[in-house]
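S.K.: The sequence and its predicted three-dimensional model are supplied below.
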Amino acid sequence: MSIEKTKKSFLLPLVGLAILLYLVLQFKMSQNQARQEEVVEQTHGGTPIQLETPSGMLYGTLLQPEQTDKPVPIVLVLAGSGPTDRNCNQLPTLHTDAFRLLAEALQQNGIASVR
């Protein structure tokens, strides 16, 4: 086998691998963009918050009663097991927004919430 043929036989798989890597990175970047848009949608007028912990970043939504100068009670709403988002949806099959509705009801009654 000639040296030129050997170079080509190594070069072709490397080019294919580079193209595959590029496509995977593009896909990951589009997923990150979709996640950011999802966070904006999930906040529904609340404030997106994040907390850095030793085991990773926690993300949530803070919803506070409007225009208050004094401290208010706050409720921490935790989703159950499974692929549940902060609004208590298990997309694409279950879309109730139960936690968002709960947070809005708490807000109307002078109680803040983090979900």
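M.R.: Nice, I can see it. Numbers count the residues shown, from 1 in each chain.

S.K.: and residue 71, what are its phi and psi?
M.R.: Note on residue 71: its backbone torsions stand at phi -60, psi 150 [degrees, to the nearest 10].

S.K.: What of the one 10 residues further on?
M.R.: Torsion angles at residue 81 (phi, psi; degrees, to the nearest 10) stand at phi -80, psi 160.

S.K.: likewise the one 5 residues further on?
M.R.: Torsion angles at residue 86 (phi, psi; degrees, to the nearest 10) stand at phi -70, psi -10.

S.K.: Repeat that for residue 59.
M.R.: In terms of degrees, to the nearest 10, the main-chain angles of residue 59 are phi -120, psi 150.

S.K.: cool, residue 110 as well?
M.R.: Dihedral angles (degrees, to the nearest 10) for residue 110: phi 80, psi 20.

S.K.: and it, how far is that from residue 101?
M.R.: 17 Å (CB to CB, to the nearest Å). Every C-beta, even on glycine, is put in place using the N, C-alpha and C of the backbone.

S.K.: repeat for residue 47
M.R.: Per CB to CB, residue 47 is found 18 Å from residue 101.

S.K.: Brilliant, that's me finished.
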